[in-house]
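S.K.: Output the structure for:
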Amino acid sequence: MRSAPLPGWLYILFLTLLATATDEFVIAGVLPAVAVDLEVSVSAAGQLVTSFAVVYAVGAPTLSMACERLPKRTVLIVGLGLFAVANVAAAVAPGYWFLMAARVAAALCAAVVTAAAFATAAAGAPEGAQGRYLGLVTAGMTTALFSGVPLGAWLGGAFGWRATFWLIAAIGVIAAVGLLLTAPDVPGTAPAPLRARLAPLRDGAVLRLVATTFLAASGGLMFYTYLGPYTAEVAGPSYGLLSAVLLLVGVAGLAGALLAGRASDAGGPRRALRRTLAGHALALLLAAAVAFAGTDSRYVLALVVGCWAVVAWALNPPVQGAILAAAGPDAGMTALALNICGLYLGTAVAAAAGGAVIGTLGVAYVPLTAAALLLLSFLLAPRTAAARPVPGGVAAGRQQ
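M.R.: This is a model prediction of the structure:
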C-alpha cells in the first residue's frame, strides 16, 4: 500500500526549521566581517554564536512551558513573526551590543518555534506516520548544514554580513504566511496548575530520554565539530576535500533523518532509537580504527564519514517520538523543549571536550571518546516504556 502524500504545511515546517537552524550557525561564516564592521575582536564576535546556543538551550523549556496552553498554529505564526523582526534588528544593528540583543531575541523565538513545529508535526500526522512527519521536519535542520549556512556565508561575502540576516528574516516571513494559510489547528492543552505543567521535569522516562539525547549529541557533535582535523589526519590537509566531506555529511545526514522517520513508524520509536544509537557507536569506532590505522585514502574517509552521518542525523525522529509517547499530549511541547535543551547542552560539551581530547591525546582519540559517549547513551536508552500515544491526525484530515 502506497503512503499518502505529505501535506503542504509539513514542507513549510521544513522551511521553518531550515530558517531557525541557519540562523544559529550562519554568523560563523561572516565573523571576520562582523568583527571589522563593529570594531570588536573575532573572539568577541564569536560570542554571538555562543550566546544564541546558550539562550536557545535555556529558553526552549521555559518558553515552551509558558506557551503549552496556546494553539500551536498561533505559537508558530507569532513566533516566526518575532523571529523575523529580531533578524531585521540584527541586519540594521548599529553596534555590537545591539546585535547581541537581537541574537538573544532571535534565539528565544527560534527555541519556542522549533518545539511547536515538532509538536505540530507529531499531532498532525495520521496514525502510523508520526516518524515520517518528524523525519521531514528534522531534515530542515540537517539541510541547513549544507545549503542554508553556505548560502548565507556566500551572501555575506558578496553583499555584506547584514544581507544574511535579511535573508533569514525573509524566509521567516514566508514561513509565517504559509503556516497562516495551511497549518492544521492543533489546540493547546487545557489550563493546568504550574505543578502539572512542570510534570516533564519530574518524569523519569522523559528525563532518561533527555539524558540519552545529551550523551548522543555530546559524542556525535564532538566528531562533527572536529571533522576538519580528523579529515586532515586520515587523508591529509585539503580545503577542497574538507568542503566535499561537509557536503557529504549534509546529504547523508538528510537521508538518515528521512529513513529514521520511516524506521520509527515501522518498528516503534524506542526500537529505532536503540538501533540508531548502536549504529552510531559502531560508526565512530570504525572512524577511530581508520585514524589509528593510518589509512591514507579519500575513498575510505568518504565511506566512513558517509556511514557515520546517516546514523548521526537519524537520532531526532525516534527520540522525539519516544519523548512524546513518554510525556503524553498534554506536556508534549514542554518535553520536546527539554529534549532540545539536552541537544544544545550536548553541543556545548562536545566542543569543549573534543578540544581537550585533541590537546592531550590527539585527533584519533576524538571518535574513540565520542564512541564511548554513544555507548553510554545506548545503555541509558529505554528498552520499553509505558507509552502514552500522541493521537495522530489532529486536524490533519482536512489538510491531506
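S.K.: Can you give the distance from stretch 92-103 to the centre of its chain?
M.R.: From the chain centre to the centre of stretch 92-103 is a distance of 25 Å (Cα atoms, centre = their mean, to the nearest Å).
S.K.: how about the helices of the stretch 101-250 of the chain, start to end?
M.R.: Per DSSP state H, counting those that start in this stretch, the stretch 101-250 of the chain carries helices over the ranges 130-143, 149-159, 162-182, 194-197, 199-202, 204-225, 227-235, 239-267.
S.K.: Tell me which of the ones you listed sits nearest to Leu99.
M.R.: helix 162-182 (9.1 Å; Cβ to Cβ). Where C-beta positions appear, they are placed from N, C-alpha and C, glycine not excepted.
S.K.: So which other helices or strands are in contact with that closest one?
M.R.: Helix 162-182 makes packing contacts with helix 8-25, helix 72-91, helix 149-159 when contacts are defined by 3 or more Cβ pairs under 8 Å, 6 or more residues apart in numbering; DSSP states H and E.
S.K.: Quick one: closest of the helices of the stretch 101-250 of the chain to Val363.
M.R.: The nearest among the helices of the stretch 101-250 of the chain, by Cβ to Cβ, is helix 227-235 at 4.5 Å.
S.K.: tell me how far the closest one is from the chain's mean position?
M.R.: Per Cα atoms, centre = their mean, the centroid offset for helix 227-235 relative to its chain is 24 Å.
S.K.: Now do the buried residues in that helix.
M.R.: Across helix 227-235, burial judged by 16 or more other Cβ atoms under 10 Å covers Leu227, Gly228, Pro229, Tyr230, Thr231, Glu233, Val234, Ala235.
S.K.: again with stretch 168-176
M.R.: Ile168, Ala169, Ile171, Gly172, Val173, Ile174, Ala175, Ala176.
S.K.: Residues contacting that stretch, please?
M.R.: Stretch 168-176 is contacted by residues 12, 15-16, 18-19, 22-23, 26, 76-77, 80-81, 83-85, 87-88, 91, 152 when judged by Cβ atoms under 8 Å, 6 or more residues apart in numbering.
S.K.: Over to stretch 287-302?
M.R.: Contacts for stretch 287-302 (Cβ under 8 Å, 6+ apart): 223, 230-231, 233-236, 241, 244-245, 248, 304-305, 308, 363-365, 367-368, 371.
S.K.: Distance from the chain centre to it, please.
M.R.: 28 Å.
S.K.: Could you do stretch 212-220 as well?
M.R.: The answer for stretch 212-220 is 12 Å, by Cα atoms, centre = their mean.
S.K.: do the same with stretch 256-264
M.R.: 15 Å.
S.K.: Same check on stretch 345-359?
M.R.: A distance of 18 Å separates the centroid of the chain from that of stretch 345-359, by Cα atoms, centre = their mean.
S.K.: where does Val186 fall, phi/psi-wise?
M.R.: phi -100, psi 110 (degrees, to the nearest 10).
S.K.: Let me know the distance separating the nearest residue to it once chain neighbours are set aside from Leu13.
M.R.: Nearest-residue entry for Val186: Lys72, 4.1 Å, with adjacent residues in sequence omitted and distances by Cβ to Cβ, 6 or more residues apart in numbering. Distance, Lys72 to Leu13, by Cβ to Cβ, to the nearest Å: 10 Å.
S.K.: joint contacts of those two?
M.R.: In contact with both Lys72 and Leu13: Thr120, using Cβ under 8 Å, 6+ apart.
S.K.: still on that earlier bit, narrow the contacts of stretch 168-176 to just the buried residues.
M.R.: Looks like the contacts of stretch 168-176 have 12, 15-16, 18-19, 22-23, 26, 76-77, 80-81, 83-85, 87-88, 91, 152 buried, using 16+ other Cβ under 10 Å.
S.K.: I'd like the helices and strands packed on helix 162-182 as CSV, with distance to Leu324 appended.
M.R.: Listed next are the helices and strands packed on helix 162-182 as CSV, based on distance: least, Cβ to Cβ, whole Å:
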stretch, distance to Leu324
helix 8-25, 15
helix 72-91, 13
helix 149-159, 28
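S.K.: List just the one of the ones you listed that sits closest to Gly135.
M.R.: Nearest to Gly135, of the helices and strands packed on helix 162-182 and by Cβ to Cβ, is helix 8-25 at 10.2 Å.
S.K.: quick check, distance from the closest one to the centre of its chain.
M.R.: The answer for helix 8-25 is 10 Å, by Cα atoms, centre = their mean.
S.K.: domain parsing for this protein?
M.R.: 1-188, 203-383 (automatic domain parsing).
S.K.: Format these as a markdown table; extra columns: mean pLDDT.
M.R.: What follows is the domains of the chain, written out as a markdown table (pLDDT from 0 to 100):
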| stretch | mean pLDDT |
| --- | --- |
| domain 1-188 | 85 |
| domain 203-383 | 87 |
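S.K.: rewinding a little: with respect to Val137, which of the buried residues of stretch 168-176 is nearest?
M.R.: Ala175 (12.1 Å).
S.K.: shouldn't Val305 be in contact with Leu227?
M.R.: Yes: assessed by Cβ atoms under 8 Å, Val305 is found in contact with Leu227 at 7.3 Å.
S.K.: so what sits against both of these two?
M.R.: By Cβ under 8 Å, 6+ apart, the residues touching both Val305 and Leu227 are Val245, Val249.
S.K.: wait, Ser41 sits on Ala35?
M.R.: Yes: between Ser41 and Ala35 there is a contact under Cβ under 8 Å: 6.1 Å.
S.K.: neighbour count winner among those two?
M.R.: Ala35 (19 against 9; other Cβ atoms under 10 Å).
S.K.: what sits against the more buried one?
M.R.: Taking Cβ under 8 Å, 6+ apart as the test, what Ala35 contacts is Ser41, Val42, Ala44, Ala45.
S.K.: who wins for neighbours among the residues you listed?
M.R.: Neighbour-wise, these (other Cβ under 10 Å) top out at Ala45, 24 neighbours.
S.K.: With adjacent residues omitted, what lies nearest to that one?
M.R.: Ala35 (4.3 Å).
S.K.: Secondary structure class of that neighbour, three-state.
M.R.: State at Ala35, reduced to three classes by DSSP: H, G, I helix; E, B strand; the rest coil: helix.
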